[in-house]
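In: Sequence below, structure please.
(chains A and B)
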Number of protein chains: 2
Amino acid sequence: MKTLILQEKLKKGLNISERICSKSITLPILNNVLISAEKNFLKLSATDLEIGVNWWSLGKTEKEGEITIPSKLLSGFVNFLPNKKISILAKGSDLYIECENYKTKIKGVSSEEFPIIPQIGKEESVSVKSIEFCKSLSQLADIAVLSTTRPEISGIYFNFQKGLIIAAATDSFRLGEKKISIKGSLEKARSLIIPQKTIKEIINIFGEKQGDLKIYFSPNQIMFECLMPETNHPEIQVVSRLIEGEYPNYQEIIPSKFSTQLIFNKEEFINKIKAASLFSGKVNEVNLKVDAEKNKIEILSQSPDLGDYQSLISAKTKGDNLKVSFNHRFLLDGLLNIKSSDVLLELSGDSGPGVLRPAGDNTYLYVVMPIKST
Amino acid sequence: MKTLILQEKLKKGLNISERICSKSITLPILNNVLISAEKNFLKLSATDLEIGVNWWSLGKTEKEGEITIPSKLLSGFVNFLPNKKISILAKGSDLYIECENYKTKIKGVSSEEFPIIPQIGKEESVSVKSIEFCKSLSQLADIAVLSTTRPEISGIYFNFQKGLIIAAATDSFRLGEKKISIKGSLEKARSLIIPQKTIKEIINIFGEKQGDLKIYFSPNQIMFECLMPETNHPEIQVVSRLIEGEYPNYQEIIPSKFSTQLIFNKEEFINKIKAASLFSGKVNEVNLKVDAEKNKIEILSQSPDLGDYQSLISAKTKGDNLKVSFNHRFLLDGLLNIKSSDVLLELSGDSGPGVLRPAGDNTYLYVVMPIKST
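Out: Numbers count the residues shown, from 1 in each chain, chains lettered A, B, ... in the order given. So this is what the prediction gives:
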């Protein structure tokens, strides 16, 4: 294998593949990135056996071939090189890299030992706006929780409908749901669960990528792909396994009626909840006391060891006065997932779940269970 | 106690005192900050019994008095308040704080239990430019190392002479020395060792403070003080214990003759040493090969597991060709302590120590021991 590529391009590809490489001791080949020179392209591939990534860049192939190289070492080294042409040459199981007055020989492993990254058929697909899609995912990604007893909730649930994805995540204390519009539609609706790690990598890889992201399906896998604008050749493919099992019927816990509706400034509320959290003691409990006549919420917390806290926030209020307690961490996580400056909080007495939404936007909601008074 | 103070001011003081408070389980009072309202001032004091800090601000004292309050909690809370007037009221062992629509009661402890921060006589002092002094200290602070067998080298050595401080730090593998000019002079030269932690706090507290820093002495303590420009009242005092013992006679190891002198660009050299470090294996060894005729240094490293590395850097060279090996971490630490863009490196064969200096500046030097070839 012999090829030429610009440092800046190779660096981008290695930064992506390095994240996917696992730190496996039992299967050290997974620490390596597979480098292939094929026709006009340089291709990098990496996998941890759950997620696989393929990345292509235009390159000047002088001799086709492939080799695997420790990903962290190669990526670290290329980061230090100047943004000049890099010459890459494989001889036996060694990789020779030259760039300006830098020369290095890196010990690699034959590509034959590298696991195959599954190919997904392209019969059925939908298309989303990459940046928007990733923003939506970031409102859900941190809600899921690794669970060995309930592997379903370790992932993000996706329901592909006509022109729409409904995605959801929960850890059984709180729940997020997001509606995402799509182009194209599937023959029939499809439900699946994608591992949390995959979703985080999707956000990382495609979060600032202009243009469309295509999604392809197979019974046990999903693939996300973006194309090079200049050639329509794939640029990045991420293939992930799906989580088997039935996602909990979460819609049941989203309340449809509320006794009280509040609209308030998000930043101010976050600040006052954080201040309250200092006095909330070990149970993380902060109390909200709604005064509907005065359009105010009182925020309270107390700890026998530390002291008492109290502050007020103005809120457009509809409905009844009430008192309710939440875990401040769950409340804050939901608030931070909301991107608008005003928040709508809907409550039902002191034991019904609270629902947070961006004010005037029905595409996102966050349900949080209250701490029941004893 | 009753007083009024602006949030921004109190926040500054609490950020300083919070850092000094220890996380002591055996002596929980050390987690607290002592708040005193006295005449026109609000005073904060904190100590970990090694370092003590006093901080003053103009405030509107309505009733004098003092109380101690958990430092982290108070500082955390005040950080969330708006930049408005804060009313502070002590009743019994509770502190009541009000600011806009925030109200809190924090449980405190009587000031009687708070340890006394020693007072240092003001007979003898020298004066330094605060920002410059702290910049100088930052070139030494990280070189010292906590050592139970040799407590002397856990501190930074200071030798106060006429118009000059010579300060030094070592961990026995490398050594830094800095000359700092002072105003005023002591009756006779004075040598002392200041704990590394104190030096780091001095840099943190006074590093961006315009104006002069006064230094006062007692047999076992040292005090750093800056004044409020408007009143000449002390603004911040840091009192620290000194480390007892004799500092090693480090001057012996600074070589006075060299076989080879090199001047090169610092950033480029740092980059190439960092790249070399990737291939340096467990002993952290990188090799320099000086070609005096070509005015070049070759930078080499190799590891049987990973591969080989080689790069070149141009250097104005005087003297002999040579080969020498260093621990890349020690070399990089020294380079990062040098603030100029060009560096002078002086070498004596393959077993003499190397000396790094900012090119054209004799106030700083960094000695690093080579890895001897076996």
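In: Near chain B, which residues of chain A? Just list them.
Out: Contacts of chain A with chain B, taken as C-beta under 8 Å from any C-beta of the partner chain, map to A:70, A:73, A:76-77, A:80-81, A:94-95, A:101-107, A:271-272, A:274-275, A:278-279, A:305-312. Backbone N, C-alpha and C define where each C-beta goes, glycine included.
In: Narrow those residues to those in helices?
Out: Counting by DSSP state H, those place A:73, A:76-77, A:80, A:271-272, A:274-275 in helices.
In: any chance of those residues in a markdown table, plus distance to B:Ser240?
Out: Formatted as a markdown table, these follow (distance: C-beta to C-beta, whole Å):
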| residue | distance to B:Ser240 |
| --- | --- |
| A:Leu73 | 44 |
| A:Gly76 | 40 |
| A:Phe77 | 44 |
| A:Phe80 | 40 |
| A:Asn271 | 36 |
| A:Lys272 | 39 |
| A:Lys274 | 34 |
| A:Ala275 | 34 |
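In: Could you list the low-confidence segments of the stretch 251-374 of chain A?
Out: Along the stretch 251-374 of chain A, the parts satisfying pLDDT under 70 run over A:373-374.
In: which phi and psi does the nearest residue to A:Glu208 once chain neighbours are set aside have?
Out: Closest residue to A:Glu208 apart from its sequence neighbours, by C-beta to C-beta, 6 or more residues apart in numbering or on different chains: A:Ile131 at 6.7 Å. Note on A:Ile131: backbone dihedrals following degrees, to the nearest 10 are phi -70, psi -50.
In: list the contacts for A:Ile131?
Out: By C-beta atoms under 8 Å, 6 or more residues apart in numbering or on different chains, the residues touching A:Ile131 are A:206-210.
In: and A:Glu152, helix, strand or coil?
Out: helix (DSSP: H, G, I helix; E, B strand; the rest coil).
In: Please tell me how far it sits from chain B.
Out: Separation of A:Glu152 from chain B (C-beta to the nearest C-beta, to the nearest Å): 38 Å.
In: Correct me if wrong: that residue contacts A:Leu242.
Out: No: using C-beta atoms under 8 Å, A:Glu152 is not in contact with A:Leu242; the gap is 10.8 Å.
In: which residues do these two both contact?
Out: Both A:Glu152 and A:Leu242 are in contact with A:Ile193, where contact means C-beta under 8 Å, 6+ apart.
In: Quick check, the residue in the stretch 151-300 of chain A closest to chain B?
Out: With C-beta to the nearest C-beta as the measure, A:Ala275 is the residue of the stretch 151-300 of chain A nearest to chain B, at 3.8 Å.
In: still on that earlier bit, got a quick ChimeraX command for the buried subset of the residues of chain A next to chain B?
Out: Listed next is the ChimeraX selection for buried residues among those, using 16 or more other C-beta atoms under 10 Å in any protein chain shown:
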select /A:70,73,76,77,80,81,95,102,103,104,105,106,107,271,272,274,275,278,279,306,307,308,309,310,311,312
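In: Chain A: helices as residue ranges?
Out: In chain A, the segments counted as helices under DSSP H are A:7-20, A:71-80, A:130-138, A:196-206, A:266-277, A:328-337.
In: and of the ones you listed, who's closest to B:Thr148?
Out: helix A:71-80 (35.4 Å; C-beta to C-beta).
In: average pLDDT for the closest one?
Out: On average, the pLDDT along helix A:71-80 is 97.
In: and it with helix B:266-277, angle?
Out: Angle between the axes of helix A:71-80 and helix B:266-277 is 160 degrees (criterion: axes from the mean of the first three to the mean of the last three C-alpha atoms, to 10 degrees).
In: elements contacting helix A:71-80?
Out: Of the remaining helices and strands, those touching helix A:71-80 by 3 or more C-beta pairs under 8 Å, 6 or more residues apart in numbering or on different chains; DSSP states H and E are helix A:7-20, strand A:32-38, strand A:94-99, strand A:102-107, helix B:266-277.
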